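Undergrad: requesting a structural model of the entry that follows:
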Amino acid sequence: MSLARSLCAVTAGILSVASPSGAQRTDTTFVSVHGHRVALYVTGASGPLVVMEAGGGSWHRDWVDVVPPLAKTSRVITYDRPGYGLSEPCDSPRTAERVSRELNDALEGGGFRGPLLVVGWSLGGAFARVFAANFPGLVSGLVLVDPAPEDFYRRIVKEYPDEWSREVMSRFPVVYGDSSRRAEQLELAAFESSMEQARTSDAAHQTPTLVLIADREEDVATDPISRLWVAELTRWAARRPNTTTRVVSRSGHHIPRQHPRAVVEAVHEMLARRK
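TA: The predicted structure is shown next:
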């Protein structure tokens, strides 16, 4: 029995609901993974499977502007990790390794198998990379949307400690002071482990990858955090095989909300490559 299958028992139920636009139906599939219920949202009746992994502290609604155009020609799966949206909370470590294996079990329990194009935004990029390493036979391609570059955090602490300290102090008390954000707290607690797992995963696969990088406009010139993020992400992509980059102009970190068309075009391009 595989590690993934030994970790969980899977059961599924399906609820069909209309999409906000009324033009497409979304099927909400509930799958029990390792004792907690996970919600998968499936839009599009046919076509290649596209699986979307949200960023840290985020849920399936971050893809709300991306899913409808993709679902015209693809079957798009978004989901809520444990503790977000309709998915039940879970106190197991929220590492990239655990998240990737739970996602695989959820997809398998819902009857969704490869080939998959996996899209990951921010911390979801690390989860997507580890997923591709763990299940290379399932993943035909990756689209990484301004993904978290692991070496950025080491460098920012060393080179700009004051700026990073102010950034951390402006965000962490808000997250840790709110008991309703338990899922996000657990992901933050596992953050260093997830980043190291993402680094290690690179040696296990050479999945064709397209990386979208937000240009952040003037921030790159004036903000060392933004400048270092872009530099490290560009450097990481340059040393990865089968990886191309595309800069998204006039965008901040949240490309899926600010420039959803860029994500849609990237997915279409990667799907066309595999034909």
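Undergrad: tell me the predicted confidence for the residue of the chain positioned farthest from its centre.
TA: Distance from the centre of the chain peaks at Asp162, with 29.0 Å (Cα atoms, centre = their mean). Listed pLDDT for Asp162 reads 92.
Undergrad: in the sheet, who's paired with Ser32?
TA: Beta-bridge partners recorded for Ser32 (DSSP bridges): Arg37.
Undergrad: run a quick neighbour tally on it.
TA: 18 (other Cβ atoms under 10 Å). Backbone N, C-alpha and C define where each C-beta goes, glycine included.
Undergrad: and if you look at Asn104?
TA: The tally of other residues near Asn104 (other Cβ under 10 Å) stands at 24.
Undergrad: returning to what we had before: which other residues reach the helix or strand harbouring the residue farthest from the centre of the chain?
TA: Asp162 belongs to helix 161-176 when assigned by DSSP states H and E. Applying Cβ atoms under 8 Å, 6 or more residues apart in numbering, the contact partners of helix 161-176 are 57, 156-157, 181, 184-185, 188, 224-225.
Undergrad: I'd like to know which of the residues you listed are buried.
TA: Among those, those buried by neighbour count (16 or more other Cβ atoms under 10 Å) are 57, 156, 181, 184-185, 188, 225.
Undergrad: can you lay out those as CSV showing secondary structure, pLDDT and distance to Arg101?
TA: Formatted as CSV, the buried ones among the contacts of helix 161-176 follow (DSSP: H, G, I helix; E, B strand; the rest coil; pLDDT from 0 to 100; distance: Cβ to Cβ, whole Å):
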residue, secondary structure, pLDDT, distance to Arg101
Gly57, coil, 93, 21
Ile156, helix, 93, 30
Arg181, helix, 93, 24
Glu184, helix, 95, 20
Gln185, helix, 94, 21
Leu188, helix, 94, 20
Ile225, helix, 90, 32
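Undergrad: which one of those residues is nearest to Thr245?
TA: Relative to Thr245, the closest of those is Ile225; by Cβ to Cβ it sits at 19.7 Å.
Undergrad: can you give me the helices for the stretch 1-150 of the chain?
TA: 3-7, 67-70, 96-109, 123-134, 150-159 (DSSP state H, counting those that start in this stretch).
Undergrad: number of residues surrounding Ala238?
TA: Ala238, neighbours per other Cβ under 10 Å, totals 10.
Undergrad: show me what contacts it?
TA: Contacts of Ala238 (Cβ under 8 Å, 6+ apart): Thr245.
Undergrad: right, I'll leave it there.
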